[in-house]
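*Asks:* here are the coordinates; sequence isn't available:
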């Protein structure tokens with residue numbers, strides 16, 4: 001199917017950009033804590049610094065859980081936006097949500113990623129014209145891509161929009177509790193797809209859906225690439241500051 005073949009590179013690029021963003025998000029979380037602990041020698045301040053860095057994204061993360069739960073008819077309880085150590089992890093916020101069916105729990109868990117991805121795509125395309133930048137970077141025109149990237153950041157309110165992109169992109173990743181219902185859902189979905197293929201049902205509906213989705217997937221992929229580039233720069237700055245202020249630290253950050 002030509003439509004599926006055309007969509008495959010975009011899907012692969014989207015997955016790779018998402019995985020890179022997830023890895024960078026974790027690294028930034030660790031290094032922000034490590035840096036501020038080295039400067040202040042306070043575990044609480046290190047966690048608070050991470051919380052403040054990602055505050056807009058954390059509020060959006062928890063609000064997305066709450067909104068999706070209400071939309072699906074699930075009862076919601078306590079809404080918290082404040083850091084709280086939980087063993088080896090940090091809870092930067094939480095919402096109490098009534099347990100529902102598997103598909104409901106999965107949508108509630110994925111809500112921050114869905115809402116965050118939509119906002120990242122909108123900011124990336126409407127504010128930073130991320131498609132042009134990501135195309136230059138992916139095609140190896142690094143100098144042109146960097147020129148466009150710095151030019152976008154230099155636009156009026158560019159730094160503010162870049163911060164919102166950074167906060168949303170690094171706070172939207174599903175937590176361990178968010179991911180809990182996803183594994184059985186993925187198994188059921190994979191089994192259904194296998195049965196669909198074995199029975200020999202037509203692929204034209206899938207091809208039509210992909211054709212309709214391709215422009216949105218391209219926008220989302222380019223926005224992810226832009227956010228990855230932003231995260232790489234921030235991580236390099238954090239590395240440099242750590243070398244300056246914390247060449248040796250025994251602090252083991254929470255995730």
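*Replies:* Everything's here; your move. Keep in mind that what you see is a predicted model, and the values were worked out from it rather than measured. Numbering: from 1, shown residues only.

*Asks:* Which strands or helices does whichever strand or helix holds residue 229 pack on?
*Replies:* Counting by DSSP states H and E, the element that carries residue 229 is helix 204-245. Using 3 or more Cβ pairs under 8 Å, 6 or more residues apart in numbering; DSSP states H and E as the contact test, the elements touching helix 204-245 are helix 2-40, helix 102-126, helix 130-138, helix 142-153, helix 158-171. The C-beta positions use only the backbone N, C-alpha and C, and glycine is treated the same way.

*Asks:* can you pull the buried residues of the longest one?
*Replies:* Taking 16 or more other Cβ atoms under 10 Å as the basis for neighbour counts, the residues of helix 2-40 that come out buried are 3, 7, 10, 13-14, 17-18, 20-22, 24-25, 27-38.

*Asks:* Can you check which of the helices and strands packed on helix 204-245 gets nearest to residue 179?
*Replies:* With Cβ to Cβ, the closest approach to residue 179 among these belongs to helix 102-126: 6.6 Å.

*Asks:* Now tell me what touches stretch 122-131 from outside.
*Replies:* For stretch 122-131, contacts defined as Cβ atoms under 8 Å, 6 or more residues apart in numbering pick out 148, 152-153, 155, 158, 161-162, 164-165, 168, 218-219, 222-223, 225-227.

*Asks:* Pull out the buried residues from the residues you listed.
*Replies:* Buried, going by 16+ other Cβ under 10 Å: 148, 152, 161-162, 164-165, 168, 218-219, 222-223, 225-227, out of these.

*Asks:* could those residues be laid out in JSON lines, adding distance to residue 71 and pLDDT?
*Replies:* As requested, those are exported to JSON lines (distance: Cβ to Cβ, whole Å; pLDDT from 0 to 100):
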{"residue": "148", "distance to residue 71": "38", "pLDDT": "83"}
{"residue": "152", "distance to residue 71": "34", "pLDDT": "82"}
{"residue": "161", "distance to residue 71": "28", "pLDDT": "92"}
{"residue": "162", "distance to residue 71": "30", "pLDDT": "92"}
{"residue": "164", "distance to residue 71": "24", "pLDDT": "94"}
{"residue": "165", "distance to residue 71": "25", "pLDDT": "94"}
{"residue": "168", "distance to residue 71": "20", "pLDDT": "96"}
{"residue": "218", "distance to residue 71": "28", "pLDDT": "85"}
{"residue": "219", "distance to residue 71": "24", "pLDDT": "86"}
{"residue": "222", "distance to residue 71": "29", "pLDDT": "88"}
{"residue": "223", "distance to residue 71": "24", "pLDDT": "90"}
{"residue": "225", "distance to residue 71": "30", "pLDDT": "88"}
{"residue": "226", "distance to residue 71": "29", "pLDDT": "88"}
{"residue": "227", "distance to residue 71": "26", "pLDDT": "93"}
